[in-house]
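*Asks:* Sequence and predicted model, in that order:
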Amino acid sequence: MTDGRTDFSPLDPTEDAERFEDIVASISDAAAPMLAARRARASVVGQVGLWWKPLLAAAVITGIVSVGALLRYQASTRTIAELEEVGIAEAIGVPSQIADWVWSDEAPTTAELLWALEEES
Amino acid sequence: MASYRGPDLPDALLVERARRGDAGAFEALVRRHYRAAFAVALALLGNAMDAEDVSQDAFIRALERLDEIRRPERFAAWLLQIVRNRARNYHNYRRVRSAASLEEAQAQSDEDTADAAERSELRAELESALSELGKTQREVVLLHDMESWKHREIAEALEISEGMSRQHLMVARRALRERLGVEYLKEHSND
């Protein structure tokens, strides 16, 4: 039965199968360089896309470890420096005021020396 | 190259694969939507040869802009918008592609068999009848009767209501029937 459709088959580009294959081939040929460029781009972007999460995680872990190690190193070097300046003198029983004069290369006056020794005793 | 002639893959998947440069996926999109693209181009240009040029060009434009498509599942509607734009700019396009006219002339001479001549006459008659319709009527009747689109699909693609699509189809068919006679009515089951 008819539903009133118009027969457009003389205009239908797929009616002639051979001609339609030519059309598809023509479009595919014209598209080939663009598709090749897309494949090349997809391979680079795809690799980065595949690896960016593990790479980011590794970078974050390396960063945390590095910062921790740096802080620990700074803390330990500060302790050594302080020990070198004051701690060693105190450790061997030299009064701190005298140790300061020794480190600063300044000679105390007699009154200062007496006062320091008196203070220590 | 992967084969896409088996079970139909959804447009969204084919678009995704074509974006990555899959030639088979792109070809499948061409095979699936060429007729609709041609129908719209024909509706706008009124000439099968021009419509063929524009619809082929539209697929290449679509591939260039494939990353811009926001809803790949609506590839057909998006493609038809490109076809419309290309058809509007057709005169510029013709100037750029003027070299192609030699190929057209060759194709014309190849049709010189009696069968092809008769077909060509029928085509000219249909083109002439279509030219008397409004632009939207042509689009609706070609998408519906040639491409077998549903009114819902036509309405979505042409951004009109389903009611308007039905109305355009009715008016277009009546005009074509008056112009061409009943022999152009196709035997079809109701949809």
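*Replies:* That came through fine.
*Asks:* interface residues of chain A facing chain B?
*Replies:* With C-beta under 8 Å from any C-beta of the partner chain as the criterion, chain A meets chain B at residues A:1-14, A:20, A:23-24, A:26-28, A:30-32, A:34-42, A:46. (Each C-beta comes from the backbone N, C-alpha and C, glycine too.)
*Asks:* Mind doing that once more with 7 Å?
*Replies:* Selection of chain A residues close to chain B by C-beta under 7 Å from any C-beta of the partner chain yields A:1-8, A:10-14, A:23-24, A:26-28, A:30-32, A:34-36, A:38-39, A:42.
*Asks:* Can you say which of those residues are buried?
*Replies:* For these, a burial check counting by 16 or more other C-beta atoms under 10 Å in any protein chain shown picks out A:4-8, A:10-14, A:23-24, A:27-28, A:31, A:34-35, A:38, A:42.
*Asks:* Now, those residues that are in helices?
*Replies:* For these, the ones inside helices are A:I23, A:V24, A:I27, A:S28, A:A31, A:M34, A:L35, A:R38, A:A42, with DSSP state H as the criterion.
*Asks:* For the closest residue to the last one other than its chain neighbours, give me its contacts.
*Replies:* Okay, so that is A:A42. If you skip the residues right next to it in sequence, A:A42 has B:R20 as its closest partner in space, 4.1 Å away by C-beta to C-beta, 6 or more residues apart in numbering or on different chains. Residues in contact with B:R20, defined by C-beta atoms under 7 Å, 6 or more residues apart in numbering or on different chains, are A:R38, A:R39, A:A42.
*Asks:* By proximity to chain A, which residue of chain B wins?
*Replies:* With C-beta to the nearest C-beta, the shortest gap between chain B and chain A falls at B:G21, namely 3.2 Å.
*Asks:* Next, the contact list for that residue, please.
*Replies:* A:L35, A:A36, A:R38, A:R39, A:A42.
*Asks:* if you set the cut-off to 10 Å instead, what comes out?
*Replies:* Contacts of B:G21 were listed using C-beta atoms under 10 Å, 6 or more residues apart in numbering or on different chains, and they are A:31-32, A:34-43, B:63.
*Asks:* which SS state does it fall under?
*Replies:* coil (DSSP: H, G, I helix; E, B strand; the rest coil).
*Asks:* so the residue nearest to the spatial centre of chain B is in which element?
*Replies:* Relative to the mean C-alpha position of chain B, the nearest C-alpha, by C-alpha atoms, centre = their mean, is the one of B:F38, at 2.2 Å. Using DSSP states H and E, B:F38 sits in helix B:23-45.
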